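S.K.: Test case, fold it:
(chains A and B)
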Amino acid sequence: MEITWQQLLGSLTESGSIAITTVTYLAFFAAVALLNYALPRVLRPYFLLTASYAYYCYEPANRSLVPVLLGATALTWLCGLVIGKSRSKPVRMLFLILSVLGGVGVLLYYKYWNLLADLLGGVGVERRADLITPLGLSYFTLAAMSYTIDVYKRRCRVETNPLHYALFVSFFPAMVTGPIGRYPHFRPQIQKSRRFSYNRCAGGAFRMLWGYTKKMVLADNLSRYVSVVYGDASQMGGPQLAAATMLFAVQLYMDFSGCCDIALGAARILGYDLIENFKSPFESTSFAEFWRKWHISMNSWFRDYVYIPLGGSRCGTFRRILNLLIVFTLSGLWHGADWRYLMWGLSCGVFSAIGMLTRRPRAALAKVNPVYQAAWLRVFLQRCIVFLLFCVTLVFFASAYYNADPYAIYGGLLQGWQGLSGSLAAVTAMMYDCGIDGRLPVVLLCGCGIVFAAESQGRNVARWVRGQCWVLRWTLYYGAAAAILFFAAFGQSVFIYQTY
Amino acid sequence: MKNQLPTQPQRIARGTSRPRTQAGSPAPSRRRKRKKRNPMALFFRGLARRLYFGGKTLIRVALLIPILVFMVAFSYQVDRSGLFQGALAPRRIVDLMLQGYDVSNFEQMDERQVVQLFAQDVEQTPQAIGIGSSRILQFNRENTGIDSFFNMGVTGADVRDNMTSYYKMVSYGKAPEVLLWSVDPWVFYGSENAFDARADAELYNEFLTKVLGVETDYEEPDQVELWKALADPAYFQGNVDYYVKNRGQSVVTDDEGNTIEFNPVEGDPYESPTTIKRSDGSVLYDKAFREQNQDQILSLAASACMTFNSVHMEGFDELTPTQLEAFDAFIKYAQEQGTTVILVLSPWHQYLYNYLLTEPDNHRGFFQVEPWLRQYCADNGILLYGSYDPDCIEGLEEMDFFDGLHCKDSGIRKFFPGIPQALESLHNGSAPDPLSVTPRVGIEQNLPEMTDEVPVE
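M.R.: Numbers count the residues shown, from 1 in each chain, chains lettered A, B, ... in the order given. The predicted model follows:
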């Protein structure tokens, strides 16, 4: 039997999708990486720009939305150019407002139009069923707005080469799921492309492998249970709902940090370093610390461009609380045009505000609390509390994602408990029903343990692995590949944060 | 660049970054004169660098290939859905037969798949194969006289089964030296009634299109789709589950968890209470069926009188020219493959045949077959043994039948000398003349004319 190149290409592209977990993406990425290094360094940014737009246009639904990406890029670049060159403050301010309004306007139109229509009851704004959200909208608009604001604040030099800037906005490894880049961080890397480094590429490849393992082995298998429970939440008892909510927290971390690992690894292979998005958030001992370690690129964006301009922490308590609530509500709303995301953000803001208000009494109490005398026990308890608080807020988030009623779930959490053993048995039986049986529970338990241990204290696993002897290194490569091969849940390739 | 968390963006100084003198004027720049480099040298240096690192990267990537090889090999070997090695149950049967075992539970077998898988899996090409319907299934190693014989007959076989069985062997490069074909009368009947629903119509179309050059609606299957399964990790995982579940188990289950009931026959196969498939492909009926008395056999033959035409011969009034041409083309195709064709006409029970003679108008097509075939064999030098008419076979008795249609081993021995003797007679010119036997055909038949290639008087 003969297999032709046409047949091979046809089979690669037949799904019509270039999601990160597809072979099509890997083939595309390999081809781009190969050509990127084959070209002279001066041409690489332009080649990567072409590849990024090719990636964007791959799926037919996105092709008609290319003007949105192009328009956002052109508008913010031009505004940045004027802001950077002009010495007149009103002009600079005018163009800053124009660029911010442009970014926010695109977001409002494509993402929140129907929410607005619902809120206004159709007065002036009518629902539009035909609206398709451009790929990576939430990411590239924030990235583009950050550039003009930084130029305005003189924190970033103006970029005169529109193609360099366009690459920053549309860089394909980070386009779909972030992290949200900053131009001062990206610019030197574009202006001077790196030479090929085997160690960089090997590190990047392992980072991608690590990400795929987290996503496909852990997150996708955990989602089997969570999706079933949240999909039929009204029929579930408290133990199942509690387990599903806690597992969703782990699933969300594995999913999102996994796709960030893939993005960072891919960018590293291409010669770019992106912003780290997670730093072992579940090791946080306070809710505020948690948000400094979770989705860092987005939270730092809201900190720098919303929280601090509103006054940040350098104002009265009331204003400070208000600022916190505004920032968290906005970040909740950023995830989607759904009141449950808004409530999630608000609840996180409330917990953060409570944490801020009670910081001193808690510190005083900790000094006399006998349980806190053992440092490890104190840290352990604080981590547990932070995790539980996050889980409590996450009910809104999970409800929005799985389209469930969060208040019914909060109510359901208190019902159906049958003692420890009975509840455990109910959860176990449910897991078996969801297909988490045989070796899979052990794999999930050990896998999550290994990931949390390996990433402890914000360790960069890829860098750590590169420092090990080749025996251990290759054992890990084979181990990760075997884990994917034997236990990955194929076919469930959508990243949670891809939908935002 | 080192990875870092985004910190509060720093204000940068606007304007030139060139150091200034105390007087405020820009300091003179100390531009180093760059050394001129040969562009060709630069190009080759870049090329060498790319080749070196490209090679190094490829070697490292190649170290991961064993994982893919393992996945593909494992999926191919276990193949729980039978994509490459056939369905699990027929595969088990063929495995057992190739190991020399007789296999139980013949009634539940998908005989056509067994035949296809045998053609695929047999390592040493059999010297002779038999094709035909259940009426050939009593031909075995003993009565054919050669050890390297495999009976590829299947119950209810139509012309498509006959031809594709042989074609499969050829397509796997295993064309046998001898083809023993028990020709049933419906082979020459071109109606839908002559076809069996179980036959592989697609494979037959492939044979017609590729081999005989006859236009059909055959389309080359997309092999890429099939072979993609080998590289499909989800299929690999299914195979792992299946393998783990069945490893070390005495009872094998299929893809859906059902038990596969085909097992090696233990003890004396002639004492088996059920019908079994022998390792040479022939069938050994259950003991009770084999040991029926004359009255029971006669009763079965009598009942077959009423249903005779329903066996692929409903409305069979004359030989179909296209079927005659296909038959001729097939014989020539087999001969081109270096195969010696021996045709066999398995007799019908005396009672049944005599009954058919009483209503010749209802069986016009049937009665045309043997005379035409005898003429064809005589014209083309094809060996032909046996006759539909039991009276034409010397010494054949009613007890040489199981029922109206199926002749016993004892009956076969009365008209078929064995393959070695048949070949010897062909070589020394002592082969029986097909026209020396004249079967009873009830009324005068007008045989159809064929093309010039197959002259028939």
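S.K.: Next one, pLDDT for A:Ile484 please.
M.R.: Confidence at A:Ile484, expressed as pLDDT, is 91.
S.K.: sec struct for it, please.
M.R.: Using DSSP: H, G, I helix; E, B strand; the rest coil, the structure places A:Ile484 in helix.
S.K.: same thing with the one 5 residues further on?
M.R.: Using three-state DSSP, the structure places A:Ala489 in coil.
S.K.: Relative to A:Ser227, how far out is it?
M.R.: According to C-beta to C-beta, to the nearest Å, A:Ala489 stands 11 Å off from A:Ser227. Just so you know, the C-beta spots here come from the backbone N, C-alpha and C atoms, and that holds for glycine as well.
S.K.: Tell me where the model's unsure across chain B.
M.R.: Chain B contains residues with pLDDT under 70 at B:1-34, B:248-252, B:254-257, B:443-457.
S.K.: Name the residue closest to the centre of it, please.
M.R.: The centre of chain B sits closest to B:Gln116, judged by C-alpha atoms, centre = their mean, with a distance of 2.3 Å.
S.K.: give the contact list for that residue.
M.R.: By C-beta atoms under 8 Å, 6 or more residues apart in numbering or on different chains, the residues touching B:Gln116 are B:Gly86, B:Pro90, B:Lys168, B:Asp200, B:Leu203.
S.K.: ok, 7 Å please
M.R.: Applying C-beta atoms under 7 Å, 6 or more residues apart in numbering or on different chains, one finds that B:Gln116 lies in contact with B:Gly86, B:Lys168.
S.K.: Where does it sit, in terms of helix or strand?
M.R.: Using DSSP states H and E, B:Gln116 falls within helix B:111-121.
S.K.: strands paired with the helix or strand just after that helix, and their directions?
M.R.: Per DSSP H and E, the first helix or strand lying C-terminal to helix B:111-121 is strand B:128-131. Within its sheet, strand B:128-131 is paired with strand B:149-151 (parallel), strand B:178-182 (parallel), according to DSSP bridges.
S.K.: Export those to TSV and append columns for mean neighbour count and distance to A:Leu247.
M.R.: Below are the strands paired with strand B:128-131 laid out as TSV (neighbours: other C-beta atoms under 10 Å in any protein chain shown; distance: least, C-beta to C-beta, whole Å):
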stretch	mean neighbour count	distance to A:Leu247
strand B:149-151	25	57
strand B:178-182	26	65
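S.K.: For the ones you listed, give me a markdown table that also has distance to A:Leu252.
M.R.: What follows is those, written out as a markdown table (distance: least, C-beta to C-beta, whole Å):
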| stretch | distance to A:Leu252 |
| --- | --- |
| strand B:149-151 | 61 |
| strand B:178-182 | 67 |
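S.K.: Sticking with the residue lying closest to A:Phe168 once chain neighbours are set aside, tell me its helix or strand.
M.R.: In this structure, A:Phe168 finds its nearest non-sequential neighbour in A:Phe186, 4.9 Å apart by C-beta to C-beta, 6 or more residues apart in numbering or on different chains. If you go by DSSP H and E, A:Phe186 is part of helix A:183-191.
S.K.: For that helix, list every residue counted as buried.
M.R.: When neighbours are counted by 16 or more other C-beta atoms under 10 Å in any protein chain shown, the buried residues of helix A:183-191 are found to be A:Tyr183, A:Pro184, A:His185, A:Phe186, A:Arg187, A:Gln189, A:Ile190.
S.K.: Let me know the average pLDDT across it.
M.R.: Per-residue pLDDT over helix A:183-191 has a mean of 90.
S.K.: Dump the C-alpha coordinates for it into PDB.
M.R.: Taking C-alpha atoms only, helix A:183-191 is exported to PDB below (Å, rounded to 0.1, in the frame of the first residue of the first chain):
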ATOM      1  CA  TYR A 183       5.600  44.600  25.200                       C
ATOM      2  CA  PRO A 184       8.600  45.700  27.200                       C
ATOM      3  CA  HIS A 185       9.200  42.000  28.000                       C
ATOM      4  CA  PHE A 186       8.600  40.900  24.400                       C
ATOM      5  CA  ARG A 187      10.300  43.600  22.500                       C
ATOM      6  CA  PRO A 188      14.000  42.800  23.000                       C
ATOM      7  CA  GLN A 189      13.200  39.200  22.000                       C
ATOM      8  CA  ILE A 190      11.700  40.300  18.700                       C
ATOM      9  CA  GLN A 191      14.400  42.800  17.900                       C
END
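S.K.: How far away from the center of its chain is that helix?
M.R.: Centre-to-centre, helix A:183-191 and its host chain are 21 Å apart (C-alpha atoms, centre = their mean, to the nearest Å).
S.K.: so how far is stretch B:58-78 from its chain's centroid?
M.R.: 30 Å.
S.K.: Oops, could you answer that again for stretch A:325-342 instead?
M.R.: 15 Å.
S.K.: Let me see the mean pLDDT of stretch A:352-362.
M.R.: Rounded mean pLDDT across stretch A:352-362 is 91.
S.K.: cool, and stretch A:101-110?
M.R.: Across stretch A:101-110, the average pLDDT comes to 91.
S.K.: who touches it?
M.R.: A:Val68, A:Ala72, A:Leu75, A:Thr76, A:Leu131, A:Thr133, A:Pro134, A:Leu137, A:Thr141, A:Ala144, A:Met145.
S.K.: Just the ones in helices from the residues you listed, please.
M.R.: Judged by DSSP state H, helices contain the following of the contacts of stretch A:101-110: A:Val68, A:Ala72, A:Leu75, A:Thr76, A:Leu137, A:Thr141, A:Ala144, A:Met145.
S.K.: In three-state terms, label the closest residue to the last one other than its chain neighbours for me.
M.R.: The shortest distance from A:Met145 to any residue that is not its chain neighbour, by C-beta to C-beta, 6+ apart, is 4.2 Å, and that residue is A:Gly103. Secondary structure, three-state DSSP: A:Gly103 is helix.
S.K.: now A:Gly103: how far from chain B?
M.R.: A:Gly103 sits 17 Å away from chain B, going by C-beta to the nearest C-beta, to the nearest Å.
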